[in-house]
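Asks: Here is my input; please provide its structure:
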Amino acid sequence: MEAICQQPAGTDLWPGWWLDGQTWPTDWEIDVLEGDGGDEGAYHCHNPSGGPGASVSVPGATSSFHSYAVHITPASVSL
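Replies: Got it, this is the predicted structure:
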């Protein structure tokens, strides 16, 4: 899945595009784009044990469009 998005600006907003399993939070949660309430977005995974995976900031997420994508196979998740 892939989308080109620009998240809205504003500290009171927390936009997101995420996927989760039928028994969340015990299943994976994949945040393809998650706003941080400021000018940066992030993408990350939460694993089945509830711990956070990698989190990488996306500077300028509110000032321009960015391409966000996730590729899922039975053996891996790539953001």
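Asks: CA atoms for contacts and neighbours, from now on please.
Replies: Will do.
Asks: Could you tell me how many residues sit around the nearest residue to residue 36 once chain neighbours are set aside?
Replies: Excluding the flanking residues, the one nearest residue 36 by Cα to Cα, 6 or more residues apart in numbering is residue 14, at 6.2 Å. Using other Cα atoms under 10 Å, the number of residues around residue 14 comes to 15.
Asks: could you pull out the strands for this protein?
Replies: With strands called from DSSP state E, the chain shows them at 2-5, 16-20, 29-35, 41-46, 52-58, 66-69, 71-73, 76-78.
Asks: which residues sit in contact with residue 7?
Replies: Shown in contact with residue 7 (Cα atoms under 8 Å, 6 or more residues apart in numbering): 15, 35, 41, 61-62, 65.
Asks: now those: which count as buried?
Replies: For those, a neighbour count by 16 or more other Cα atoms under 10 Å gives the buried set as 35, 41, 61-62.
Asks: hmm, back to that, comparing the strands of the chain by mean pLDDT, which bottoms out?
Replies: Lowest mean pLDDT of the strands of the chain: strand 52-58, a mean of 66.
Asks: Tell me the bridge partners for residue 56.
Replies: residue 43 (DSSP bridges).
Asks: Wait, it touches residue 40, no?
Replies: No. Residue 56 lies out of contact with residue 40 (Cα atoms under 8 Å); the separation is 9.8 Å.
Asks: Neighbour count for these two, which is higher?
Replies: residue 40 (18 against 11).
Asks: quick one: terminal-to-terminal distance for stretch 61-79?
Replies: 16 Å (Cα to Cα, to the nearest Å).
Asks: Only the buried residues of it, if you could.
Replies: Buried, per 16+ other Cα under 10 Å, within stretch 61-79: 61-62, 68, 70, 79.
Asks: And those residues, which two are furthest apart?
Replies: 62 and 70 (20.1 Å; Cα to Cα).
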